[in-house]
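# Okay, predicted coordinates and the sequence, questions at the end:
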Amino acid sequence: MNQATAETSQQKSWSGDFGRAYTDRNTLSIEQLDSLYQTNFGTTRRRLNETFLRDIPPTTRILEVGCNSGNQLILLQAMGFTSLWGVELQSYAFELARARVPRARLSQGSALDLPCEDGYFDLVFTSGVLIHISPADLPRALDEIHRCSRSWIWGMEYYAPEITQVNYRGHDDLLWKMDYARRYLDRFDDLELVREQSLPYLNSSNVDTMYLLKRK
């Protein structure tokens, strides 16, 4: 493996037993996913999707970076989106996603080196993925997402006004909170914020944000 594609410590953790245990805990049906969001935020993931994607045609070519076992792709498919792709690092989650979302086109790969052509997708999104990429590697992931998106970048991630490392299941190097929408806007002059929603957790002091960015 050359220097440009050297595996990070985070990738090693997510590719192994730690990542497999995460997938087993978080492989959910649409009903379970919406119930989790209702408990956490007082709204469902479907309602959030409907708000943020209301201007996105159902034939839009959509890529999820870090699709895990396919929860989000399954929901988008149920909502009528017909051109779905996913990239997943972990082989166990990748195989699950292939079985669960057979109509989506999936590849095994990393957010740091997406196996996709420049501008191939109309919309590229993450959901709880950027938070697990170290601040040192994050610019590379943002560059890859930006490179592959022709029009839209959509995300939902933990929020903090400044970079904040969080201990995650006994690990100090697997979760960071920050203002991810502003990271994109500060890095790319050709992006503008279309909409953003703060989502405080009902049962903790954590906050998520969902954001939609568009090329000018």
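Thanks, I have the structure now. Everything numeric here is computed off the predicted structure, so don't read it as measured data. Numbers count the residues shown, from 1 in each chain.

# Assign a three-state SS to the residue most central in space within the chain, would you?
Closest to where the C-alpha atoms of the chain average out (C-alpha atoms, centre = their mean) is Thr126, at 1.7 Å. Under DSSP: H, G, I helix; E, B strand; the rest coil, the three-state class of Thr126 is strand.

# And it, how far from Ile133?
Separation of Thr126 from Ile133 (C-beta to C-beta, to the nearest Å): 9 Å. For the C-beta atoms, the positions are set from N, CA and C on the backbone; glycine is no exception.

# what touches both of the two?
Here Thr126 and Ile133 have Ala111 as joint contacts, going by C-beta atoms under 8 Å, 6 or more residues apart in numbering.

# Enumerate the positions of the helix or strand of the chain with the lowest mean pLDDT that are buried.
Least confident helix or strand, the chain: helix 9-15 with a mean of 93, by mean pLDDT, DSSP states H and E. Buried residues in helix 9-15, counting neighbours by 16 or more other C-beta atoms under 10 Å, are found at Gln10, Gln11, Ser13, Trp14, Ser15.

# For the helix or strand following it, buried residues please.
Per DSSP states H and E, helix 9-15 leads on to helix 17-26 as the next helix or strand towards the C-terminus. Neighbour-count burial for helix 17-26 flags Phe18, Gly19, Arg20, Tyr22, Thr23 (criterion: 16+ other C-beta under 10 Å).

# got the buried residues for the helix or strand following helix 17-26?
Next helix or strand after helix 17-26 toward the C-terminus (DSSP H and E): helix 30-41. Buried residues in helix 30-41, counting neighbours by 16+ other C-beta under 10 Å, are found at Ile30, Leu33, Asp34, Tyr37, Asn40, Phe41.

# go on, stretch 67-83?
Buried, per 16+ other C-beta under 10 Å, within stretch 67-83: 67-77, 81, 83.

# Could you do stretch 204-211 as well?
Neighbour count says stretch 204-211 has Asp208, Thr209, Met210, Tyr211 buried, by 16+ other C-beta under 10 Å.
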